[in-house]
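*Asks:* Predicted model follows, preceded by the sequence.
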Amino acid sequence: MNYLKHSIARFIYTLGLWLLMPSVFYRLWSRGRKQPEYRKHISERFGFYPVPAINDIIWLHAVSVGETRATVNLVARLRSTYPDCQILLTHTTPTGRETSEQLYGDSVLRAYLPYDYPFGVHQFLQHFKPRLGILMETEIWFNLIHEAKTSNIPMLLLNARLSEKSAAGYARASTLTREALQSLSAIAAQTPDDAARLSKLGAPNVSVMGNLKFDVSPPLQCENSGWPYGVNLVLHARFSWPPAPAKAKNPCCWMPFRHGAAWKTCCW
């Protein structure tokens, strides 16, 4: 029954996206008058990429400038811990893409994340085949998260924030929102209020870790703790161990943010 309910809700949501398709092209072309970069790489926004696929990709989605800058230490840690993996950064705005170019040059792959059409997100995930997806701040795209779950790609929501106004909006699509939040492997919110709002919407595994934009230097070790925390743990658990979270002897392995508060007190 729940499957049918979710399928109907997703169908109605996707139908609405199709009805908005003409306005999507108009918006891109209109914004391109003042910012010509909006008229570039349009095919990527629908899941078609000239960049060749590479094995062992860790994918981070950072919408614009602020989210992209917040990835700096995270990308550095991922590179040092998983040197054989290629980092893919996706963006929504040209300014986010430009910031990525300034920060990382050609050392990472970059592309636009497709709009949330099923064919686009399916093509994106099949093209790059990421081993892990990390969404920065509040990027809850229903078809994208559903397709990632279907493709057995673990997804994290990091640096998550959710205002009261946004929470009210997501609550109006409660069926889709709950399904999407419950499909994520873990959520790390910026503040207790953000965590409470996400939990109220149905997120089962939310912890508070502070804001990456201001707290971007996680320590390598911390006192009085033998547990590893954070993204490094999630990657290790997902890549190296059998996928049996319900039977895992170490609860920290499958609830990576359960005990950690902010990065200043967490181990990697």
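*Replies:* Everything's here; your move. Numbering: from 1, shown residues only.
*Asks:* Provide the contact partners of whichever helix in the chain runs longest at residue level.
*Replies:* With secondary structure taken from DSSP state H, the chain has its longest helix at helix 2-19. The contact list for helix 2-19 (CB atoms under 8 Å, 6 or more residues apart in numbering) reads 115, 116, 117, 118, 142, 143, 146, 173, 175, 176, 179. The way it works is simple: take the backbone N, C-alpha and C, and place the C-beta from them, glycine included.
*Asks:* Can you turn the buried part of those into a ChimeraX selection?
*Replies:* Entered in ChimeraX, the line below selects the buried ones among these, by 16 or more other CB atoms under 10 Å:
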select :115,116,117,118,142,143,146,173,175,176,179
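*Asks:* ok, so of the contacts of helix 2-19, who is nearest residue 35?
*Replies:* residue 115 (18.0 Å; CB to CB).
*Asks:* residues near the closest residue to the closest one other than its chain neighbours, how many?
*Replies:* Closest residue in space to residue 115, ignoring its immediate chain neighbours: residue 45 at 5.7 Å, by CB to CB, 6 or more residues apart in numbering. Per other CB atoms under 10 Å, the neighbour tally for residue 45 reads 19.
*Asks:* how close does the most centrally placed residue in the chain get to residue 3?
*Replies:* Residue closest to the mean C-alpha point of the chain, counted by CA atoms, centre = their mean, is residue 135 at 1.5 Å. Going from residue 135 to residue 3 by CB to CB, to the nearest Å gives 24 Å.
*Asks:* Over to residue 139?
*Replies:* 24 Å.
*Asks:* So for these two, which sits in the more crowded spot?
*Replies:* Neighbour count, other CB under 10 Å: between residue 139 and residue 3, residue 139 has more, with 18 against 8.
*Asks:* Just say helix, strand or coil for the more buried one.
*Replies:* coil (DSSP: H, G, I helix; E, B strand; the rest coil).
*Asks:* before we move on, what about residue 133?
*Replies:* Classified using three-state DSSP, residue 133 is strand.
*Asks:* what residues are up against it?
*Replies:* The neighbours of residue 133, taking CB under 8 Å, 6+ apart as the test, are 59, 60, 61, 148, 153, 154, 155, 156.
*Asks:* Would you report the backbone torsion angles of the fifth one?
*Replies:* Yep, that's residue 153 we're talking about. phi -110, psi 110 (degrees, to the nearest 10).
*Asks:* for the last one, same thing?
*Replies:* Summarising the backbone geometry of residue 156 under the convention degrees, to the nearest 10, its torsions are phi -120, psi 150.
*Asks:* wait, it sits on residue 189?
*Replies:* No: at 11.9 Å, residue 156 and residue 189 do not qualify as touching, with contact defined as CB atoms under 8 Å.
*Asks:* between those two, who's got more neighbours?
*Replies:* More neighbours surround residue 189 than the other of residue 156 and residue 189, with 27 against 23 (other CB under 10 Å).
*Asks:* where does that one land on pLDDT?
*Replies:* With respect to pLDDT, residue 189 scores 93.
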